[in-house]
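> when you get a sec, could you give me coordinates for this:
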Amino acid sequence: GAAELRALRQLDGPQRRIGRERIKNYRGAQGEALVGWQHQDLPGDWHVFHGMQLEEASDLDHVVVGPGGLFCVSTKSNRGLLSAGADGAYLLNGKPTEFVRQVQRQTMRLRDRLAALLGRVPWVQPVLAVPLAWVAFDSFQSAAWVLHQDNLLKALSEQPPRLGPDEVARVVRALEMIMANAKDLYERPVPRAPGGGEPAAGPGGDTAAKA
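Numbering: from 1, shown residues only. Here you go, the predicted structure:
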């Protein structure tokens, strides 16, 4: 009847929002997987770290280090045209976007963390990877490099030498320390059964897994 129809209409909005969020997350995973796959083709003296956490609520998509330097790479899977406005703002399909500022902030946090471990402030280049979008400005003259899937690998692998083998190894050790510490700091504890027994069973009877 009419009451059932009204109830269905009330559910329609939340269901659509959930569907859009799932599509957004799926596309985000696609973009990160594509960029991660491209990084596998870097020469053997390059090292790539995925999903590096510097704080609990977010992570760095990719951190890449090799002879050509150290790069903090944020991946965005949005489609369309990324352009620069007359006032210096960045636009995605004509609308202002914070993507470049976001990767700049991430890079600053990574640089600060590495400076504490290395005893010096390292050179870290912010990179915004937009594998599914078109870039309508010079990728290398912006506050962060903005690279498409067609030039991402070449831009990194053809950089002039900035780090020697010993320096690369030292940075890699520092990044490994950050990854190891993040695992201890940000993993959620396994729920315990009442009385301190075995871990509580999750849905379906399986033992609850760490996030």
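> tell me, how many neighbours does the nearest residue to residue 104 once chain neighbours are set aside end up with?
Excluding the flanking residues, the one nearest residue 104 by Cβ to Cβ, 6 or more residues apart in numbering is residue 126, at 5.2 Å. C-beta coordinates here come from the backbone N, C-alpha and C atoms, glycine included. Per other Cβ atoms under 10 Å, the neighbour tally for residue 126 reads 24.
> pretty sure residue 126 sits against residue 146.
No - at 9.7 Å, residue 126 does not count as touching residue 146 under the criterion of Cβ atoms under 8 Å.
> quick check: neighbours shared by these two?
Common contact partners of residue 126 and residue 146 (Cβ atoms under 8 Å, 6 or more residues apart in numbering): residue 100.
> dig out what the nearest residue to residue 49 once chain neighbours are set aside forms beta bridges with.
Sequence neighbours aside, residue 63 is the residue nearest to residue 49 in space, at 4.4 Å (criterion: Cβ to Cβ, 6+ apart). Assessed by DSSP bridges, residue 63 has beta-bridge partners residue 49, residue 72.
> so who does residue 63 touch?
Residues near residue 63 by Cβ under 8 Å, 6+ apart: 48, 49, 52, 70, 71, 72, 73, 110, 175.
> what's the pLDDT at it?
The model reports residue 63 with a pLDDT of 94.
> and it, how far is that from residue 126?
Residue 63 sits 11 Å away from residue 126, going by Cβ to Cβ, to the nearest Å.
> about what we covered before: most neighbours among the contacts of residue 63, which one is it?
Using other Cβ under 10 Å as the neighbour test, the contacts of residue 63 are led by residue 73, with 28 neighbours.
> my guess is it contacts residue 131, does it?
No - at 11.0 Å, residue 73 does not count as touching residue 131 under the criterion of Cβ under 8 Å.
> residues near residue 159, how many?
15.
> host element of it?
Counting by DSSP states H and E, there is no helix or strand that carries residue 159.
> phi, psi for it please.
Main-chain dihedrals, residue 159, degrees, to the nearest 10: phi -70, psi 150.
> per-residue pLDDT, it?
So residue 159 comes in at 93 (pLDDT).
> run a quick neighbour tally on the closest residue to it other than its chain neighbours.
Nearest residue to residue 159, sequence neighbours excluded (Cβ to Cβ, 6+ apart): residue 68, at 2.9 Å. Neighbours of residue 68 under the rule other Cβ under 10 Å: 22.
> spit out the contact partners of residue 68.
46, 156, 157, 158, 159, 160, 161, 162, 163.
> go on, residue 146?
Contacts here follow Cβ under 8 Å, 6+ apart; on that basis residue 146 touches 82, 100, 127, 128, 130, 135, 137, 139.
> going by distance to residue 94, which of those residues wins?
residue 82 (10.5 Å; Cβ to Cβ).
> which other residues reach the one helix or strand that closest one maps to?
Applying DSSP H and E as the criterion places residue 82 in strand 80-84. With contact meaning Cβ under 8 Å, 6+ apart, strand 80-84 is reached by 90-94, 97, 99, 130, 133-137, 142, 146.
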